[in-house]
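Novice: how would this look folded up:
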Amino acid sequence: MRPLFATIVVLFAVGVSSSSAAELTKTQAKAKYYHAVGYIKAIGKNAHRTIYHSNPRIRHRWQAALRYLIRVRDHAYSILHPPPPKPVISWPPHHGLWMCIHDHEAGDWQNNDTGGNGHYGGLQMHPGWGYGTSYYASADSQYTQEWAAERGYQASGYSRSWLLGQWYHPDCLNLA
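Specialist: Okay, the predicted model is just below:
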C-alpha cells in the first residue's frame, strides 16, 4: 500500500510543481486528466486497502489523495472543455427611439391589443407587420420587436416621414 501511495504523491508532486506557475496547455491538461482518472480508478479498485481502510489515519490520507485527484481531474476537464462564450446582446442603433415610441404606445412589450385597435406588442404593430416579428408582435420579446422596427426603418431609408406614418410621435423624432 505504501508504494502505491508514494508513487501517486511523487508523480503528482512533480506534475503540480511544473504546472502551478502557469496555466496548463491543452496537451498538459489532457495528460493530467487521464493520469488523474487512472489513479482514481486504481484507488477505487483497491478501496478496501485505501479509502475504506480500518485505520483512520490511513483512510483519511487516502481520502485526501482522492479529493486532490478529483480536483486535478476537474480542473483539467475545465481546460479541455471550456464553457461556450455567452452571446452578446446588442440593441438596435435607435434603441432610444423605440423606447420613446414604446412609452407612448403600450404598457408592456407583450401587449395583446388592449386598446382594441388591432395592434400588438410594445410598439403596437399590426398583425403581419413583418421585418422579423411573429404574426402577432406581442408573442415576441422586446429585443425582437425593436430589431424588426429597426429593419423597417432601415428599409425606408431612415425616413422620418415613414416613422411618423407608422407611429405619430413627433417628440420622438429627435432620437431618430
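Novice: Spatially central residue in the protein, please.
Specialist: Note on the chain: the residue nearest the mean C-alpha position is residue 86, at 3.9 Å, using CA atoms, centre = their mean.
Novice: in a strand, that's where that residue is, yeah?
Specialist: No. Using DSSP: H, G, I helix; E, B strand; the rest coil, the assignment for residue 86 is coil, not a strand.
Novice: quick one: pLDDT of it?
Specialist: pLDDT recorded at residue 86 is 86.
Novice: Can you tell me the SS state at residue 89?
Specialist: Criterion first, three-state DSSP; result for residue 89: coil.
Novice: Contact partners for it?
Specialist: residue 143 (CB atoms under 8 Å, 6 or more residues apart in numbering). Glycine gets a C-beta too; all of them are placed from N, C-alpha and C.
Novice: And it, how far from residue 58?
Specialist: 55 Å (CB to CB, to the nearest Å).
Novice: swap in residue 49?
Specialist: Distance from residue 49 to residue 58, by CB to CB: 9 Å.
Novice: could you give the mean pLDDT of the longest helix seen in the chain?
Specialist: Ranked by residue count and defined by DSSP state H, the top helix of the chain is helix 56-80. Mean pLDDT, helix 56-80: 95.
Novice: after the helix or strand of the chain with the lowest mean pLDDT, next one along is what?
Specialist: None of the helices or strands of the chain scores lower by mean pLDDT, DSSP states H and E than helix 2-19, at a mean of 53. Using DSSP states H and E, the helix or strand that follows helix 2-19 in sequence is helix 26-45.
Novice: angle of that following helix against helix 56-80?
Specialist: Angle, helix 26-45 to helix 56-80, by axes from the mean of the first three to the mean of the last three CA atoms, to 10 degrees: 150 degrees.
Novice: tell me which residues in helix 26-45 are buried?
Specialist: Neighbour counts over helix 26-45 (16 or more other CB atoms under 10 Å) mark 28-29, 32-33, 35-37, 39-40, 43 as buried.
Novice: same deal with stretch 62-75?
Specialist: For stretch 62-75, by 16+ other CB under 10 Å, it's 62, 65-66, 68-69, 72-73, 75.
Novice: For these, give me JSON lines that also has distance to residue 81.
Specialist: Below are the buried residues of stretch 62-75 laid out as JSON lines (distance: CB to CB, whole Å):
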{"residue": "62", "distance to residue 81": "28"}
{"residue": "65", "distance to residue 81": "24"}
{"residue": "66", "distance to residue 81": "22"}
{"residue": "68", "distance to residue 81": "21"}
{"residue": "69", "distance to residue 81": "18"}
{"residue": "72", "distance to residue 81": "15"}
{"residue": "73", "distance to residue 81": "12"}
{"residue": "75", "distance to residue 81": "12"}
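Novice: Okay then, goodbye and thanks.
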